[in-house]
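Peer 1: A structural model of the following input is requested.
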Amino acid sequence: MSLAADVERVVAPYIARCIAQEEIPIIDVGAYLAGDIEAREQFAVDLRAIQESLGFFVVVNHGVSQDLIDRSFAQVAELFALPLETKMKYQVDYHHIGYIPDKASVLRHSEISKANDNKKKDKNEGWSFMRDRTPGDPKVVANVRHRGLNKWPAELPNFRPIIREYQDKMEALALKMLPVYARALEMPADFFDDKFTCPEYYNRCSWYPPTEVEEGQLSVAAHSDHTSMTYLPLMEVPGLEVMAPSGKWIEVDPLRGGIVVNTGEFMNRWSNGRFIATPHRVVPPERDRYALTFFFNANDETLADPLPTCVEPGEKPKYEPISFHEFQIGYLDTNYIYRTAEMDED
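Peer 2: Numbers count the residues shown, from 1 in each chain. Got it, this is the predicted structure:
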């Protein structure tokens, strides 16, 4: 019998060096995903150190084929090359599903955006997809917020099957990563299993064109994600920057084959602030940059009730429990502008 969980471990030297030097670590997760318990426990120790400091890392050997990622990026490029009048037929709606025009978001929900009183509209286009549902899905029938039908572009017949395959593979990877998060939070490896039986995800496809911006304006302003975890396959065009503990901005190396991973504000609440939701931003790129951001989340009814390992005896939790669905509604409504007139305002 393995005693992996009982062995005293320390943070790997490479991870400790990255944290000290404020560099984004690159972690080979192949052994962990293959079922190596020893690898899982060491990864958990390293993940804990990362999530309490930098909050971002890159995984390689993750099992999502580069061919699928490349084909997905190609489809996203075709998506945003459609004429504006075509894209506007699928404009984002009450459920935050569909095409998101340029200057339709003002990132301000995170603490950094609130502190900076950000009012600059982001320079990017997006297309929002939630978990794919059928017309008979109970949440669709009940018109539950953000749980409607996706708006797949009829003009691109290959888009839906390729992006659906991408979503399925990313969901599978995210589910496989749950045990290491549980162990990093000093909980049993299966702790998250019943909280992600029907995980909600939000797949935001984005286009960041090279563009002129006003002073203080970015492709995406500094913010923290809403998620449990976020997964972002890297395109070979830089643009993503992460705020280090010192306050400096770290440019994420566009490593081919790498997937950036970070936790968001829901996990931050769940861990009573222990696992940070690191601010990050996207600066205007020198050439077209696309994103396939996969925001991975718990079941709608799951409560971010601070874990016992994250609250000291006698200490009052920092946050009141809140369900994921309630939290997501507040986040998206705060950050996105749905009415065209508002988007056109200077």
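Peer 1: Could I get the full set of strands for this structure?
Peer 2: Along the chain, counting by DSSP state E, strands occupy 26-28, 56-60, 98-100, 125-130, 201-208, 220-223, 229-233, 240-243, 249-251, 259-263, 280-282, 289-296.
Peer 1: Compare these and give me the one nearest residue 307.
Peer 2: strand 259-263 (13.1 Å; Cβ to Cβ). Every residue, glycine included, has its C-beta placed from N, CA and C.
Peer 1: who does the closest one pair up with?
Peer 2: Strand 259-263 sits in its sheet next to strand 56-60 (antiparallel), strand 229-233 (antiparallel), going by DSSP bridges.
Peer 1: quick one: it to strand 289-296, angle?
Peer 2: With axes from the mean of the first three to the mean of the last three Cα atoms, to 10 degrees as the basis, strand 259-263 and strand 289-296 are set at 50 degrees to each other.
Peer 1: hang on, residue 294 packs against residue 167?
Peer 2: Yes - counting by Cβ atoms under 8 Å, residue 167 is a contact partner of residue 294 at 7.2 Å.
Peer 1: intersection of neighbour lists for these two?
Peer 2: Jointly contacting residue 294 and residue 167 under the rule Cβ atoms under 8 Å, 6 or more residues apart in numbering are 201, 203.
Peer 1: Pick out whichever of the two has more residues nearby.
Peer 2: Between residue 294 and residue 167, residue 294 has the larger neighbour count (other Cβ atoms under 10 Å), namely 25 against 18.
Peer 1: Run through the bridge partners of the more buried one.
Peer 2: Legend: beta-bridge partners of residue 294 under DSSP bridges are residue 203, residue 231.
Peer 1: Contacts only, for the residue most central in space within the chain.
Peer 2: When Cα atoms, centre = their mean is applied to the chain, the residue found nearest the centroid is residue 230 (2.4 Å). With contact set as Cβ under 8 Å, 6+ apart, residue 230 has these partners: 260, 261, 262, 263, 264, 293, 294, 295, 296.
Peer 1: of all the residues you listed, which comes closest to residue 145?
Peer 2: residue 295 (15.9 Å).
Peer 1: Show me where the stretch 51-200 of the chain has its helices.
Peer 2: For the stretch 51-200 of the chain, the helices defined by DSSP state H, counting those that start in this stretch cover 66-81, 84-88, 111-116, 138-141, 159-184.
Peer 1: looking at those, which is buried most?
Peer 2: With neighbours defined as mean count of other Cβ atoms under 10 Å, these peak in mean count at helix 159-184, which reaches a mean of 19.
Peer 1: For that helix, name the packing helices and strands.
Peer 2: Contacts defined by 3 or more Cβ pairs under 8 Å, 6 or more residues apart in numbering; DSSP states H and E place helix 159-184 against helix 37-51, helix 66-81, strand 201-208, strand 229-233, strand 289-296.
Peer 1: out of the ones you listed, nearest to residue 92?
Peer 2: Closest approach to residue 92 among the helices and strands packed on helix 159-184 (Cβ to Cβ): strand 201-208, 10.7 Å.
Peer 1: So residue 250 sits against residue 19, correct?
Peer 2: No - counting by Cβ under 8 Å, residue 19 is not a contact partner of residue 250; they are 11.8 Å apart.
Peer 1: hey, least reliable of the strands of the chain by pLDDT?
Peer 2: Lowest mean pLDDT of those: strand 220-223, a mean of 80.
Peer 1: any weak-confidence spans in the stretch 151-300 of the chain?
Peer 2: 213-217 (pLDDT under 70).
Peer 1: Now do the residue nearest to the centre of the chain against residue 10, distance only.
Peer 2: Per Cβ to Cβ, to the nearest Å, residue 230 is found 27 Å from residue 10.
Peer 1: Tell me who's in contact with residue 187.
Peer 2: Going by Cβ under 8 Å, 6+ apart, residue 187 touches 307, 309.
Peer 1: What of residue 238?
Peer 2: Contacts of residue 238 were listed using Cβ under 8 Å, 6+ apart, and they are 251, 252, 253, 254, 285, 289.
Peer 1: okay, these in a markdown table with distance to residue 190 and neighbour count next?
Peer 2: Shown next, in a markdown table, are the contacts of residue 238 (distance: Cβ to Cβ, whole Å; neighbours: other Cβ atoms under 10 Å):
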| residue | distance to residue 190 | neighbour count |
| --- | --- | --- |
| 251 | 37 | 12 |
| 252 | 32 | 18 |
| 253 | 34 | 13 |
| 254 | 35 | 16 |
| 285 | 41 | 19 |
| 289 | 38 | 24 |
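Peer 1: In TSV, list those along with distance to residue 186.
Peer 2: Converted to TSV, the contacts of residue 238 look like this (distance: Cβ to Cβ, whole Å):
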residue	distance to residue 186
251	33
252	28
253	31
254	34
285	40
289	38
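Peer 1: Relative to residue 82, which of those is nearest.
Peer 2: Closest approach between the contacts of residue 238 and residue 82, by Cβ to Cβ: residue 289, at 17.8 Å.
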